[in-house]
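>>> Here's my sequence, what's the structure:
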Amino acid sequence: MNVLIIGAGFTGQQLARRLISSGHDVTVVDDDADAVGYASNRLDAQVVLGNATDLNLLEEAGLAKAKAVVTLTESDEVNMMICSLVSSLYPKILTIARVRNPSYYNNTVRFLQDGRSPYGITRMVHPDKEAADAVLLAIEHGAQASSIDFNDSDYVLTTIQIEENSALSGMKVCDMHTVAPKNFLLAFIQSGDKSFLPTGNTVINCGDVVAVLSEKDDAAKFLSLAGSMKSVIHNVLIIGANKIGADIIHSLGTEKKLNFFSRLLQRKRSSPKKFVIVEEDKALIKQLSEQFSANTDLQFFNADITDETFVEEEHLADFDLVIAATTNYEQNIVTAAYLKSLGVKKAICLVAAGRYMTIARKIGIDVPIPVRDTVVDCIMSHLSGHNVKEIHTLFDGQQEVIELQLDEKSPFVGKSLKEIGTNGEFLVLMIHNGEKYEIARGDSVLNPGARLILMVDSEDSKKILAQFGK
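I've put the predicted structure just below:
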């Protein structure tokens, strides 16, 4: 597939690498000479210098042969304009625009027709909303580990680090059933820089990071087995009043979007009772405080979070959870680690990409969320074929969790997993054969149109998807 990416920034390059590794032909366009030079030296792709709003330039870059155009410039309006232009002249091309302004997203949800937004764009990707949703999911599971939730499913895939006091440390995978809840699947293990499919004889060691699929109500049990201390979240400190911070505050403080409080109560956890928001930008904090002026549970401070006097005066070290949600990702890591060292129980922070997650975990951050990986995962989900519903990456991008629908012409239809399985190549986590998702077993049979959750090595994902897709 030929893909045209507009924008050679970090996200554009990351998306290009993922597409190239999957065997796609990629062309990148940017009007910044430095960005073009940087990308040209690092990507096995055609990189074009020029203004992507110029249709002639796009056509010279191969627009007519493209199956998809993805716009990732810093301007929402430019991204949307380019996609609309392409869509009007080449309606069969898939157009994906990165858009941060929530009003555009609201319009899309309200007026979505025939799979396209009112702007003529096939899909909009909203990085701030994706990041905020990831933070809220982490809080819902106790801010103790990264989690992937699946729609229409009672299960969650939780990424957990094995601590020194873990009951699982030194245990073989085949013996986990002696201490773990009945219905679970150990999907993957990351040990050092390597991640792999475990066998029954694999030994779980202190410091390993494991991906466990379990029923949502059992996730806390696995966290306890891994050595994570359970903590009740009453007081939340949010650093950053940008769009991501505002979305988090809106969901936590008003119950409008995710009905967060009722969902927490259903899981028998106490809901947050006090929120403090800290932001250096005076205009941002003023705007947000006015927006939530009726909510007495929220306190807003125009301050520098690195000011030790401010931290001490407001007793911020006594908080149960800190969420570092600024757009300065390096500062998020430092700030979250600093506050945890002072006594804050749990820390969630936004980081740039998956490669920072290991660093963040090693310095005590409970849930690092890779913003740009989240955006790329969302885009890849749209580019990977009609049968692919969602893609999530784990372990610094080494593995992919893929939700797909089995093509009726797939050679796997009618066969059991033990008939199609190849040791170490892929793992079917769950199967939905018409009623609900269930953990896959060796004798599970793949029916036409079944929905599957797979875990595969990222380098093999294209080959595996082809096998399941046709």
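>>> Now do the phi/psi pair for the closest residue to Val388 other than its chain neighbours.
Spatial nearest neighbour of Val388, excluding adjacent residues (Cβ to Cβ, 6 or more residues apart in numbering): Leu404 at 4.9 Å. C-beta here means a position set from N, CA and C on the backbone, and glycine is covered the same way. Per-residue torsions, Leu404: phi -140, psi 170 (degrees, to the nearest 10).
>>> what's stretch 144-160 in contact with?
Identification of contacts with stretch 144-160 by Cβ atoms under 8 Å, 6 or more residues apart in numbering yields 137-138, 140-141, 161, 187, 209-216, 219, 222-223, 226, 228, 230, 346, 357, 366-369, 392, 394, 401, 403, 429-430, 432, 436-437, 439, 453.
>>> and these, which of them are in strands?
Of the contacts of stretch 144-160, the ones assigned to strands by DSSP state E are 161, 187, 209-215, 346, 367-369, 392, 394, 401, 403, 429-430, 432, 437, 439, 453.
>>> Make a PyMOL selection of the buried ones in those.
To isolate the buried subset of those in PyMOL, counting by 16 or more other Cβ atoms under 10 Å, use the following:
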select buried, resi 161+187+209+210+211+212+213+214+215+346+367+368+369+392+394+401+403+429+430+432+437+439+453
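>>> tell me the contacts of Ser166?
The contact partners of Ser166, taken as Cβ under 8 Å, 6+ apart, are 206, 225-227.
>>> before we move on, back to that, show me what the residue nearest to Val388 bridges to in the sheet.
Beta-bridge partners for Leu404, by DSSP bridges, are Val388, Leu452.
>>> Does it touch Leu446 like I think?
No - here Leu404 does not reach Leu446: they are 11.5 Å apart, not a contact under Cβ atoms under 8 Å.
>>> Mutual contacts of the two, please.
In contact with both Leu404 and Leu446: Leu452, using Cβ under 8 Å, 6+ apart.
>>> Quick one: residues contacting the residue nearest to Ile285 when sequence neighbours are not counted.
Of all residues not flanking Ile285 in the chain, Glu279 sits nearest, at 4.1 Å (Cβ to Cβ, 6+ apart). By Cβ under 8 Å, 6+ apart, the contact set of Glu279 is 239-241, 245, 285, 288, 300-303.
>>> Can you flag which of these belong to strands?
Of the contacts of Glu279, the ones assigned to strands by DSSP E are 239, 300-302.
>>> three-state assignment of Leu15?
Recorded secondary structure, Leu15: helix (DSSP: H, G, I helix; E, B strand; the rest coil).
>>> Would you mark the buried spots in stretch 174-183?
Using 16+ other Cβ under 10 Å as the test for burial, stretch 174-183 gives 176, 180-181.
>>> what does stretch 297-311 give?
Neighbour-count burial for stretch 297-311, counted by 16+ other Cβ under 10 Å, picks out 298, 300-303, 305, 311.
>>> How about stretch 449-459?
Of the residues in stretch 449-459, 450-458 count as buried by neighbour count, 16+ other Cβ under 10 Å.
>>> correct me, but Asp218 touches Leu185?
No - the criterion here is Cβ under 8 Å, and Asp218 misses it with Leu185 at 11.5 Å.
>>> ok so, going back, out of the contacts of Glu279, who's nearest Pro411?
Gly245 (48.4 Å; Cβ to Cβ).
>>> how many neighbours does the nearest residue to that closest one once chain neighbours are set aside have?
Closest residue in space to Gly245, ignoring its immediate chain neighbours: Ala325 at 4.5 Å, by Cβ to Cβ, 6+ apart. Ala325 has 30 neighbouring residues, counting by other Cβ atoms under 10 Å.
>>> Distance check, Ala325 against Tyr356.
Distance check for Ala325 against Tyr356: by Cβ to Cβ, to the nearest Å, it reads 15 Å.
>>> next one: Ala8
Ala8 is 21 Å from Tyr356, by Cβ to Cβ.
>>> Among those two, which residue is more densely surrounded?
Shown here are Ala8 and Tyr356; by other Cβ under 10 Å, Ala8 has more neighbours (29 against 21).
>>> hmm, back to that, confidence-wise, which of the contacts of Glu279 comes last?
Model confidence across the contacts of Glu279 bottoms out at Gly245, which has 84.
>>> Report the separation between that residue and Ala132.
For Gly245 relative to Ala132 (Cβ to Cβ), the value is 8 Å.
>>> Could I get the full set of strands for the stretch 101-250 of the chain?
Remark: strands assigned in the stretch 101-250 of the chain by DSSP state E, counting those that start in this stretch are 123-125, 146-149, 155-161, 184-191, 194-196, 209-215, 235-239.
>>> Tell me how many other residues crowd Ala138.
22.
>>> go on, Ala167?
The tally of other residues near Ala167 (other Cβ under 10 Å) stands at 15.
>>> Does Asp31 touch Val48 like I think?
No - assessed by Cβ under 8 Å, Asp31 is found out of contact with Val48, at 9.7 Å.
>>> The residue nearest to Val388: neighbouring residues, count only.
23.
>>> got it, and Ser341?
Ser341 has 12 neighbouring residues, counting by other Cβ under 10 Å.
>>> which residues touch it?
Ser341 neighbours (Cβ under 8 Å, 6+ apart): Gly364.
>>> And it, which helix or strand is it part of?
According to DSSP states H and E, Ser341 maps onto helix 329-342.
>>> what angle do that helix and strand 235-239 make?
150 degrees (axes from the mean of the first three to the mean of the last three Cα atoms, to 10 degrees).
>>> Tell me the gap between helix 329-342 and the middle of its chain.
21 Å (Cα atoms, centre = their mean, to the nearest Å).
>>> Flag every buried residue along that helix.
329, 331-333, 335-340.
>>> what do you get for stretch 462-470?
462, 464-465, 468-469.
>>> List the residues that contact Asn332.
Counting by Cβ under 8 Å, 6+ apart, Asn332 has contacts 239, 324-326, 349-351.
>>> could you redo the last one with a cut-off of 6 Å?
Contacts for Asn332 (Cβ atoms under 6 Å, 6 or more residues apart in numbering) come out as 324, 326, 349-350.
>>> right, and the pair among those with maximum separation?
Thr326 and Cys349 (9.1 Å).
>>> Can you pick out the residue with more neighbours from those two?
Cys349 (28 against 22).
>>> Mutual contacts of Asp218 and Leu185, please.
Residues touching both Asp218 and Leu185 (Cβ under 6 Å, 6+ apart): there are none.
>>> does the nearest residue to Glu408 once chain neighbours are set aside sit in a helix, a strand or a coil?
Spatial nearest neighbour of Glu408, excluding adjacent residues (Cβ to Cβ, 6+ apart): Pro448 at 4.3 Å. Following three-state DSSP, Pro448 is assigned to coil.
>>> just checking, Pro448 touches Val413?
Yes - at 5.2 Å, Pro448 counts as touching Val413 under the criterion of Cβ atoms under 6 Å.
>>> who's more crowded, those two?
Applying other Cβ under 10 Å to Pro448 and Val413 shows that Val413 carries more neighbours, namely 16 against 13.
>>> so when I look at that one, I'm seeing a strand, right?
No - counting by three-state DSSP, Val413 falls outside a strand, being coil.
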